[in-house]
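1. give the three-dimensional model of this entry:
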Amino acid sequence: MKKKADIEDLFKESFKEFKPEPSHTLWKAIRRKLIISDFTSFHWKTLNIYYISVLILTAIPIFYYSAKPNQSSPLKLTNTEETNPEPNTIIQTLPPVQIISDTPGELSENRSEFKKSVPINAEAPILHNTSREQISKESSKTDLKGKEISSSKLSEENQKKYQPEIRAIFIPSAYSGCRPLSVKFKNLSVNGKEFLWNFGDGESDNSAQPEHVFDKGGRFLVSLTVKGENMQISRYSEIIEVYELPIVSFEPDYHSLQEDLEVYFYNYSTGADRFSWDFGDGAFSERKETLHRYESHGSYDIKLRAWSVEGCMDSLLINYPFSGEEPKMIFPTAFAPNMDGPTGGYFIPGERNNMVFHPYTLDIPVEYQLKIFNRKGNLIFESNDFQTGWDGYYMQQLQPHGVYIYKVKGKYNGGKPFAKMGDVTLIRNRRY
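-> You can find the predicted model right below:
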């Protein structure tokens with residue numbers, strides 16, 4: 001026995017310092033079993049299955065009786081004489097209710113006016129002081145000042161308050177172009193009934209989708225005014241720019257015809273930066289001014305085209321007879337006088353000088369008279385010398401830019417008379 005005791009003491013001494021350390025999985029299983037064991041065992045300090053059972057059994061009857069409708073309290077009916085509903089008031093139908101009287105066939109003392117028993121699930125009566133149609137016609141409201149506002153006035157106010165919004169808008173087919181410019185206007189206005197167009201050039205229109213031709217150059221403010229059903233107004237505008245056409249003018253120099261068929265063409269065009277000549281004999285040129293030689297005498301249609309910076313084009317076609325068979329006297333349609341002072345009007349035949357107004361001819365007349373008149377009909381120049389033309393001055397003063405009338409008459413060598421009248425343009429914006 002002593003030996004056995006020694007063995008036990010030895011065993012205890014050997015495992016004295018040993019501490020068991022279970023694994024995480026084992027320790028988790030042990031804790032789960034301990035929790036289940038505590039929950040299924042009754043102890044008054046911890047929450048367990050017995051407490052939860054008592055709570056569930058107590059809550060079931062409480063929930064049942066609270067959700068069930070209370071049928072023990074009788075319905076309280078109010079006498080119509082006590083309520084005294086105001087005029088024009090409708091008491092709507094109440095949903096079916098269950099009425100329990102104190103005594104079969106009678107109500108309680110407070111309901112002595114009702115002698116008949118009210119059946120269960122009966123509908124409450126509808127009290128009408130006025131009909132619905134009468135109410136809709138005669139009903140009124142009171143404003144802040146205590147005045148009555150009829151339903152018709154209210155409807156008018158509502159119409160004004162909730163009237164449809166109108167909007168004026170349009171798109172032109174072109175915002176710019178050369179004169180004459182035709183523009184179509186696409187009307188995209190919303191809720192418009194009446195339309196008034198103002199094209200900015202003194203013209204107007206009241207159609208919905210107008211088309212307008214601008215025959216003048218400039219910038220025009222085109223506006224559209226739209227009116228709605230209740231006279232609401234909306235406006236919209238766009239700017240249309242119309243470009244002017246160039247003014248085409250030219251004149252040939254006939255002096256060179258005395259020697260050969262070379263002709264110099266003067267270009268008096270304004271508002272242009274590009275040109276194209278057609279001399280009528282199959283020859284062309286794009287110079288501003290040019291010298292051209294014809295192969296033979298004859299009548300030629302000379303045409304000059306001119307383009308502006310914006311690309312607007314205009315042209316001028318003139319028929320000139322270049323013939324030596326009979327005397328011809330031709331006057332220029334324009335000239336540009338010397339801006340520095342009068343020159344006396346003397347010129348040398350054959351010299352290219354456009355500062356003096358004088359005729360072109362192959363045969364010098366033996367008798368000659370030239371008169372110049374202004375727009376008022378006043379005589380401002382007269383010459384009886386073929387080599388003295390008008391230099392654009394009158395009483396040492398340069399005359400204004402514009403159109404003047406000339407009259408010429410005389411006789412050629414051999415006694416053949418001539419007479420002519422026309423107009424000439426004095427140009428002041430160029431220097432030669």
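2. run through the stretch 251-400 of the chain and note the low-pLDDT ranges.
-> By pLDDT under 70, the low-scoring segments of the stretch 251-400 of the chain are 254-260, 321-328, 349-353, 362.
3. run through the strands of it in chain order.
-> 262-267, 274-278, 284-285, 290-293, 298-307, 313-322, 329-330, 334-335, 360-361, 367-373, 379-383, 393-394, 397-398 (DSSP state E, counting those that start in this stretch).
4. list of residues touching the fourth one?
-> Here strand 290-293 makes contact (C-beta atoms under 8 Å, 6 or more residues apart in numbering) with D260, L261, E262, V263, Y264, F265, W277, F279, A283, S285. Where C-beta positions appear, they are placed from N, C-alpha and C, glycine not excepted.
5. which neighbours does it have in its sheet, and in what orientation?
-> Partners of strand 290-293 in the sheet, by DSSP bridges, are strand 262-267 (antiparallel).
6. the inter-axis angle of the strand it pairs with versus strand 274-278?
-> 140 degrees (axes from the mean of the first three to the mean of the last three C-alpha atoms, to 10 degrees).
7. name the residues of strand 262-267 that come out as buried.
-> By neighbour count with 16 or more other C-beta atoms under 10 Å, strand 262-267 contains the buried residues V263, Y264, F265, Y266, N267.
8. so what's the last one up against?
-> What that stands for is N267. Counting by C-beta under 8 Å, 6+ apart, N267 touches S249, F250, F275, K288, E289, L304.
9. cutoff 7 Å now
-> Listed by C-beta atoms under 7 Å, 6 or more residues apart in numbering, the contact set of N267 reads F250, F275, K288, E289.
10. top of these by number of neighbours, please.
-> F250 (22 neighbours; other C-beta atoms under 10 Å).
11. for it, what are its contacts?
-> F265, Y266, N267, Y268, S269, L304, L316.
12. equivalent analysis for G217, please.
-> R179, V242, Y243, E244.
13. which of the buried residues of strand 262-267 sits closest to Q399?
-> Y266 (20.0 Å; C-beta to C-beta).
14. where's that closest one relative to E251, distance?
-> Plainly put, Y266 is 5 Å away from E251 if you go by C-beta to C-beta, to the nearest Å.
15. what does Y320 give?
-> For Y320, the distance to E251 - C-beta to C-beta - is 10 Å.
16. can you check L426 too?
-> Relative to E251, and taking C-beta to C-beta, L426 is found at 14 Å.
17. domain parsing for this structure?
-> Here the domain parsing of the chain from automatic domain parsing is 96-123, 170-243, 245-325, 327-432.
18. columns distance to K33 on top of the ones you listed, output as a markdown table?
-> Shown next, in a markdown table, are the domains of the chain (distance: least, C-beta to C-beta, whole Å):
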| stretch | distance to K33 |
| --- | --- |
| domain 96-123 | 58 |
| domain 170-243 | 81 |
| domain 245-325 | 101 |
| domain 327-432 | 118 |
